[in-house]
Every structure is written in C-alpha cells, then in structure tokens.
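Asks: Sequence below, structure please.
(2 chains)
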Amino acid sequence: MNHMDIQQDSVFIDGFEERLQTEGPFSSWDLFQMNYQAALTTMTASFEGLKALDYLPQMDFMEHQLTSATQVIEEMNGRAILADEVGLGKTIEAGLILKEYMIRGLVKKALIIVPASLVNQWAQELNEKFYIPAVTFRKSYPWDQYDVIITSIDTAKRSPHREQILEQDYDFLLVDEAHKLKNHKTKNFAFVQSLKKKYCLLLTATPVQNRLVEIFNLVSILKPGHLGDYDSFLKTYGKNRKNLKQDAYLKQLVQKVMIRNTRQNTKFDAIKRHIETIWVDFSNEERQVYSQLENATDVFSAFSKITFLRELCSSREACYLSLNKMIDQSNENSIKPITEEIEQLRHHVKAEKVVELIKQAGDEKVIIFTEYRATQVYLQWYLKESGIMSVPYRGGFNKGKKDWMKQLFENHAQVLIATEAGGEGINLQFCNHLINYDLPWNPMRLEQRIGRIHRYGQQHDVHIYNIAIRGTIEEHIMTLLYEKINLFEQIIGHLDDILDELNINDMESEIQSIFSESASTGEAKIKLDNLSSVINLTHQQADQEEESYGN
Amino acid sequence: MAINDLHNFIQDYFTSHHCDVLYNHDGMITVQLTEDMDRALMNRPFYWHYIKKMGHPGDPKQLTLITNPEKRDGNHEWIHYGSPRLHQIINHLHEHEKYTKLFERLDTNKKQALYPWLVTNIKISYQGKQKKDEMVSIGLHLVNGVMKLKMMEELQTKTMQNTISDYCYTISPMIKLHSGFKRIEKVLESYVHDQDHDWAEESQKTMDEEIDLLRHFYKEETEEQAMKKEINEIKKRYSPYIKFEVVNGGIFYLADNTI
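Replies: Predicted structure coming up:
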C-alpha cells in the first residue's frame, strides 16, 4: 500500500500543555494506571472473533447464533439478511452483531425499525440481554438526541420524523419483518433505501414469499447491483421463486448476503417434542346432551350449532353461557330443555383427565391452553378443588398484569391456564409440559401455542398433550386434519406460505364452512380429508425444494 | 496489564477516590460514596441541584456491587465486564485520568536529580473491513532523547507520587513538549509503515468491487444522487485508515539510573 491514511491525535498534547500551565489537576499514579488497564481491557486486539462474548457472561448463545453473527461481521461486512426460521433467535443474532460493533467502536448511532407491537419487546431485549441502551421513540425526543432508537416504520416515515431521520447518518440500520419491504414500489421501500447507513441488517423468516423478485428488492437495499439491475434480473431468472434453489449461480450470490438457519440444521433439533393424543369418552349424560344438540337442526343455524358442539367438548360452562345468550321467545322451548340438561351434568370428563396429567407431571410446570374463557374459569376452580394452584392468562390483560401472571407462574403456581398464545406472546421456556385442552381450528395458532415453550432457551424436551373426545367433532379435526398433516411432530415453518399459496386466508372459517355447508357428517369428513391432502401435498413439494438457499 | 481481577480493580477505584469500604467479603463490596463519586455514578443531578440550593451538604449514597457471579442475590448489582456500571466507571476513568505529572519516590538523604520523561499510552486502531487495536506505551527522555517502549511495564515496579521527595530536584527538559510528542508520532508512523497492510489492501479491493457493482445497478442519469449516496456509504464502510489515540500520558520525573 503506497499511501496509508493516518489520523493523528491532535488534542492530547495541547490539552496536556494547558494542564501544565494551570498546574493540574493531575491523576494519581493509581488512577492513571487504572485508566490504562481499562483501555487495555476494552480494546479489541484482533480483527476476528466476537469480543462481545466477554461482555455478555449471562447469555448462553446457541452454536448457530454465534456462527451467524461471526459470518455477518467477518464475511458479509455487516450487511446481511438474517432469514432464520421462526423461533431460532434472529433477535439474539442481531443483538449480538450490534453489540460487537458497538464494542469495537464501529457503531454509535443505530436505528432499529420493527413492527409497532414489538417496539417494547425489542427495547427490553436489547437493554436487558445486551446492555445496549436502546430507547423507544417518544414524541418529545429529537432524533439526534439518542444513539440507539427503536421505532415503527409508520412513525418513522411520517413527517416531521421522516425529514429528521433522513438527515441522520446512521452507523447501523436494522429492519425487522423485512419481507414487508419486498415490493420496491412502496413508500416503505423507498424510505428505507434512502436512509443513510453503514451497516444494515434485514430480518425476516420469509425472504421470498411469492415472487423471486422479492429477494432482488431486499438485496438492493443492502448491496445494489449485487444481483444486477431489475430488468436483467427478471430476464435471467424470471419470476419463479423456485429458481432461488435451482439456479446454482443465483443461489451462490444470495448466500453471500443471506443467512438462513433452519430447525433441521441447528442444534435446536436436539430438543424433542413428545406428542401424546389422549382420547377420552363422554359420560353417558354428556353424550346425551351432545347428540341432543347435534340433532337440533331447526333451532340453530348450522354455523352456530358447530360452535355449541365445540363448546360442549370444552366445558359445560362455555356451552351453557352461549346457549343462554341465544335464548329468546321464539326458541325458548327448544333451548331450555338443553340448558337444563347441561345444568345437571357433573364434572367435565376432560377436566378430570387434566388433573390426572398434572399429577403425572410431578412438580413440573404445566401450561394449559383453551379456546374459551368460561372453560378457563371453570378449570381454575376445578384445579383448586383438586389442590392445584393455577393462574390465568389472557390476551386482554394489560402488560403489567401479564408480567405479573408470568412471574406468579414461574415462582408460585404450578399451572398457567391461557386462552390465547397472543401475537406478541409470552416466552415460557422454563415450562415444558403443554396441554391442548381443546384445539384451535387454525393450525397457525396451534403452532404459536407450542412456540411459547418450544423455542430458543428451552433446555428440556417438551411434552405436548392433546385431549380429544371420541365420537365428536373433535375427533374429526384431530384425525382428519392435525394428525394427517403431522402438525404436532414437525414445525411447519412455512405453513403460512402453504396456506397463502392455497389461497386460504383463514383456516378457521374454512373449516367452519366445511362443517356448516355439508349435508352430512360423512360429507364433512371427506371435505376435511381433502383439505388435509392438499396441504400435505403442497408441503411435500415445498420440502423437496427446500435445499437450503441461504448461507 | 489489563484488568485481571475485577474485584480488586473496583476496590482500588473506590479507595483511590477516597470512598470508605464498609463491607468487603467474598466477591461483594459495599462502599460509602463521596459527593463527587455520587455525582459521577448515581445519576441524580436534580437531587444535588436541589439539595445544594437548599443549603444542605447532601447525603451521598452507599453502593453495593457483587463481583462473584455465584453470589448474585437479585437485590444488589452484579458487576462484570459487560455491565453498564463497569463501563460507567471505565468512562469516568477515561475522561478524568488522562493527564499526570508524577515524581519517583525516593528514600534518600543525598541530593538526587530527577529527569523528565514524556510518557504516552497510545492506542493504534487499524480500520478496514474490520477493526483491531494495539496499545503502545512509549517514554521519551526529554533531556537526552532516549526512547523506551513498554514504558508502563517499566514503571510498574516504581512508586510514583504527585509530589517530589525530599532532597530531590528536577532537571529541566531540553526537548520541548510539542517536539517531543512529534518525535513519538514519527516513531509510531514508521512503525506502522513498516508493517504489511494486507488488511488495508483487502478493504480497498472490496470497496472497489462494490463500487463497481453499483454501475450495474444505476443506469439512468436520474439516479446519480442515489448512486452517490451508496458510494459514500461504501467508502465509509471500507476506506482503510489508521488512527492514533492517546489514552493518557504525562511527565514522569525519574531518577536516571533506574531505567
């Protein structure tokens, strides 16, 4: 190298001279040495390696997270798409990378753009896990006041924030759920592209959802020209997203800017899921009410009848309450007899099973999911009668109450009874028994439930118990849908893609219409069976393509 | 010479700042802060502003830190290499312990000359695609121009103090401070020039390649602004350079025969 740019220290010697003129203050020998020691401790003596690990003694990183962080920094020079499957800890990888850059003095100002619902969670994780003083954007702060700011894109792109943000020179930009930038004609895309940034991470579990050009657009934010220009890209590779896996050259190019860990290629696989479906039978009385409901064709619409049947499979209370709500003068005579029958029922057969299961688990923590609030209340009461302490959890709780319930569960109660996993759900890695008291009809929600405990940080195998009642609508869903598509055993990372591809927006209403529009149970079973077959087929096709296309 | 015993380091830091150690056992230390330390570490400027306005002396806090991870109790701060508290302390040192003037302590009853040395601890950062640092501690004899490396290690064995010992007197420097510092810089410059710079060449190469790629992407003239912005970002990310930063330094008066 002929010419090397050297930046001298221009302030020290003048400062020292001034200090001599004012006769001090001068450091004591001890403190002078300590400053030197501290500087030796905080400097990074090597180009390679993750210095951040010395700074995060409380963190227990997984192998793939360390490799990913190293790769992003050392090979991709800090501009990358992190495309790990859901639940493998993209946030952790991103935090580690940011931390490393901050320690090395390469990043001071960082902007972190995440979905509005995740802003607080990001702030908490960066602060608590990584000691990165990240703040969430508040109206009263100017954008240049804080070094690490977390915000949603909707806030950021709005005037007057937009103008202020565009003036900043960011050392580090992170966009979570980056697949939302897949279309280069959107305002979001243009905004992110025009931000001034040095390092840049795009996080997404689904880098290519539909069209191949989506990856082109994401890469264009990181490294314009890496995949050529728009027109020639379209001409060479077309629109088929399969090309990402089939075209060797394209695959190689993409691997230079994208990391994708799957559950299969990580240690994560070491944690096993033990799935047990537990079949129970209605008592004679319960069965009687069930068939009474089933045969009451003229009283309810087919649609609401299905709801009642599902509810009865969950608890007397759930069914009773909704039936009661329906009662008016016109149908009183047909509904009253049923509700009266329900009043006579003794304990629900599933609740008894649950107590048995909890006792089997010894003193280990158990989480129970149910679809119905009435069931939740009933179960809590019933468990208490059986000497088991439990706490409730609902999406509707405010943040403070959620945290409190989680804490009670972790430290005091053996059981948590939850009605929903929640989008911004709680992480319960300390628990490894999960009872699906009743099944949601949307497999994504089921996946979310399981994801609460089967996730990064779980140390033990997880046990999932599904309780279903023979000879009821539950049996159909269990055997014709869930067991058939193998939902419990594997995490179908791209289930949402599959449903997307099949144009199924809402699985729940899909199933509901199968039941309500079928003339007989037989017909419903066939339709349900067909649905599962289609899902299965699409899944297998996707699997065959799924040679890893990330790095 | 890096910090190898965090507990001792913390303890020394507080005692050097005249804080009483109230409890110190098995990886846990409690100190009574002085007003200065409270102001420096406890982040409560409004309290001090208010209390002084009211004419009160103020009530500095006590601080308990746990250095042994086994002893964490959830009530007190665990201090470790990554904890914000340690970095607050390190920043405090960095800001305040930059300059010194020290005299070697000698037990003597004869007249003894002390010679002036300019001592500087300089962090050299090499930045290309990645970054690394190197510390150099240099001493320059301001009378005869002799230069010593690893100066801090040499000095470790000595007792230094801010006042001059009895019977000792200082020799005036022949070399002016500024030109002394220039000499040190020159030595460092030739030191880095003599190294091979593979890292810098690699960075340069990657930079050129990435800038080249841009030309495949931006083809319209209207896109010139956008392309300029990208070029700037690439240059910021890859342009290789070396930076000298003086961590701290000062004048050390040493008995000549001892070095």
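
Asks: longest helix anywhere in the chain?
Replies: No chain specified, so I'll use chain A. helix A:521-545 (DSSP state H).

Asks: my bad, chain B
Replies: helix B:198-217.

Asks: Quick one: list the elements packing against whatever helix or strand comes next after that one.
Replies: Using DSSP states H and E, the helix or strand that follows helix B:198-217 in sequence is helix B:224-238. Contacts defined by 3 or more Cβ pairs under 8 Å, 6 or more residues apart in numbering or on different chains; DSSP states H and E place helix B:224-238 against helix A:187-194, strand A:196-203, helix B:198-217. (Each C-beta comes from the backbone N, C-alpha and C, glycine too.)

Asks: beta partners for the nearest residue to A:Ala94 once chain neighbours are set aside?
Replies: Leaving out its chain neighbours, the residue that sits closest to A:Ala94 by Cβ to Cβ, 6 or more residues apart in numbering or on different chains is A:Leu201, at 5.4 Å. Here A:Leu201 sits in beta bridges with A:Ala80, A:Leu174, as judged by DSSP bridges.

Asks: right, and A:Leu201 touches A:Thr91 too?
Replies: No - taking contacts as Cβ atoms under 8 Å, A:Leu201 lies outside contact range of A:Thr91: 10.6 Å.

Asks: Roughly how far does A:Phe308 sit from A:Lys242?
Replies: Distance from A:Phe308 to A:Lys242, counting by Cβ to Cβ, to the nearest Å: 45 Å.

Asks: These two: which is more packed in?
Replies: A:Phe308 (22 against 15; other Cβ atoms under 10 Å in any protein chain shown).

Asks: How about the secondary structure of the more buried one?
Replies: For A:Phe308, the secondary-structure state derived from DSSP: H, G, I helix; E, B strand; the rest coil is helix.

Asks: Flag the shaky bits of the stretch 151-259 of chain B, pLDDT-wise.
Replies: B:257-259 (pLDDT under 70).

Asks: Show the residue spans covered by the strands in chain B.
Replies: B:20-25, B:28-32, B:62-66, B:77-78, B:99-104, B:112-127, B:131-141, B:147-149, B:160-161, B:168-170, B:241-255 (DSSP state E).

Asks: For burial, what's the neighbour tally of the closest residue to chain B within chain A?
Replies: Proximity of chain A to chain B (Cβ to the nearest Cβ) peaks at A:Tyr55, 3.0 Å away. A:Tyr55: 21 surrounding residues under other Cβ under 10 Å.

Asks: quick one: pLDDT of the residue nearest to it when sequence neighbours are not counted?
Replies: Leaving aside its chain neighbours, A:Tyr55 sits nearest to B:Gly82 (3.0 Å; criterion: Cβ to Cβ, 6+ apart). Model confidence at B:Gly82, expressed as pLDDT, equals 90.

Asks: you'd agree B:Gly82 is up against A:Asp54?
Replies: Yes - between B:Gly82 and A:Asp54 there is a contact under Cβ under 8 Å: 7.0 Å.

Asks: For these two, indicate the residue with more neighbours.
Replies: Set side by side, B:Gly82 and A:Asp54 show more neighbours around B:Gly82, with 19 against 15, by other Cβ under 10 Å.

Asks: What are the buried residues along the longest helix of chain B?
Replies: By 16 or more other Cβ atoms under 10 Å in any protein chain shown, the buried positions in helix B:198-217 come out as B:199-200, B:203-204, B:206-207, B:210-211, B:213-214, B:217.

Asks: likewise stretch A:219-233?
Replies: Counting neighbours by 16+ other Cβ under 10 Å, stretch A:219-233 gives A:219-229, A:233 as buried.

Asks: so B:Val136 touches B:Glu185, yeah?
Replies: No - using Cβ under 8 Å, B:Val136 makes no contact with B:Glu185, being 11.3 Å away.

Asks: Indicate the residue of chain B located nearest to chain A.
Replies: B:Gly82 (3.0 Å).

Asks: before we move on, back to that, now the buried residues of stretch A:219-233 in TSV, please, with extra columns for secondary structure and pLDDT.
Replies: As requested, the buried residues of stretch A:219-233 are arranged in TSV below (DSSP: H, G, I helix; E, B strand; the rest coil; pLDDT from 0 to 100):
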residue	secondary structure	pLDDT
A:Val219	helix	93
A:Ser220	helix	92
A:Ile221	helix	93
A:Leu222	helix	93
A:Lys223	coil	91
A:Pro224	coil	89
A:Gly225	strand	88
A:His226	coil	89
A:Leu227	coil	88
A:Gly228	strand	84
A:Asp229	coil	85
A:Phe233	helix	87
